[in-house]
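> any chance you can model this:
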Amino acid sequence: MFGNIGEMMKMQKQFKDIQKRIKKAEHDGESSDALVKVKVNGEFEVISLAIDDELIKSGDRKKIEKNVQMAVNSAVSKGKSFAAAQMKELTGGLPIPGLSDLF
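Alright, predicted model coming up:
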């Protein structure tokens with residue numbers, strides 16, 4: 001009986017470690033033409049955004065908006081994939097209710 005508690009505590013510690021790793025991770029994304037580059041953290045907050053000067057000079061608002069959206073979505077997608085891989089490592093690929101839906 002107590003062996004199961006020990007395993008649960010070990011898994012809880014691993015889960016907290018993975019949460020920290022996910023939170024600290026940074027993920028880069030860019031538009032398909034690489035004119036916009038974005039970096040997000042593990043909480044999917046934008047921590048940097050770079051727009052090429054030539055794109056800004058073009059004055060093409062719709063293109064700028066589309067490129068920013070594409071870059072952000074790319075970075076967020078990478079972040080979600082990273083988080084899912086980390087959780088899969090913890091669960092051994094088993095679908096655990098509540099955990100598998102987080103990412």
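> hey, C-alpha coordinates of whichever strand or helix holds residue 6 in CSV?
Residue 6 is part of helix 2-24, with elements assigned from DSSP states H and E. What follows is helix 2-24, C-alpha atoms only, in CSV (Å, rounded to 0.1, in the frame of the first residue of the first chain):
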residue,chain,number,x,y,z
PHE,A,2,2.7,2.5,0.9
GLY,A,3,4.7,1.6,-2.2
ASN,A,4,1.9,3.1,-4.3
ILE,A,5,2.1,6.4,-2.3
GLY,A,6,5.8,6.5,-2.9
GLU,A,7,5.3,6.1,-6.6
MET,A,8,2.6,8.7,-6.7
MET,A,9,4.8,11.2,-4.8
LYS,A,10,7.6,10.4,-7.3
MET,A,11,5.3,11.0,-10.2
GLN,A,12,4.1,14.3,-8.7
LYS,A,13,7.6,15.5,-8.4
GLN,A,14,8.3,14.6,-12.0
PHE,A,15,5.2,16.4,-13.0
LYS,A,16,6.3,19.6,-11.2
ASP,A,17,9.7,19.3,-12.8
ILE,A,18,8.2,19.0,-16.2
GLN,A,19,5.9,21.9,-15.6
LYS,A,20,8.9,24.1,-14.7
ARG,A,21,10.7,22.9,-17.8
ILE,A,22,7.7,23.7,-20.0
LYS,A,23,7.3,27.1,-18.4
LYS,A,24,11.0,28.0,-18.9
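> which stretches in this structure count as helices?
Here the chain has its helices, by DSSP state H, at 2-24, 53-58, 61-91.
> show me what counts as buried in the longest one.
For helix 61-91, burial by neighbour count (16 or more other C-beta atoms under 10 Å) applies to 64, 67-68, 70-72, 74-76, 78-79, 82-83, 86-87, 90. From N, CA and C alone the C-beta is placed, and that goes for glycine too.
> quick revisit: nearest to residue 35 among the helices of the chain would be which one?
helix 53-58 (4.4 Å; C-beta to C-beta).
> tell me the helices and strands packed up against the closest one.
Applying 3 or more C-beta pairs under 8 Å, 6 or more residues apart in numbering; DSSP states H and E, one finds that helix 53-58 makes contact with helix 61-91.
> what angle do the helix it packs on and helix 2-24 make?
160 degrees (axes from the mean of the first three to the mean of the last three C-alpha atoms, to 10 degrees).
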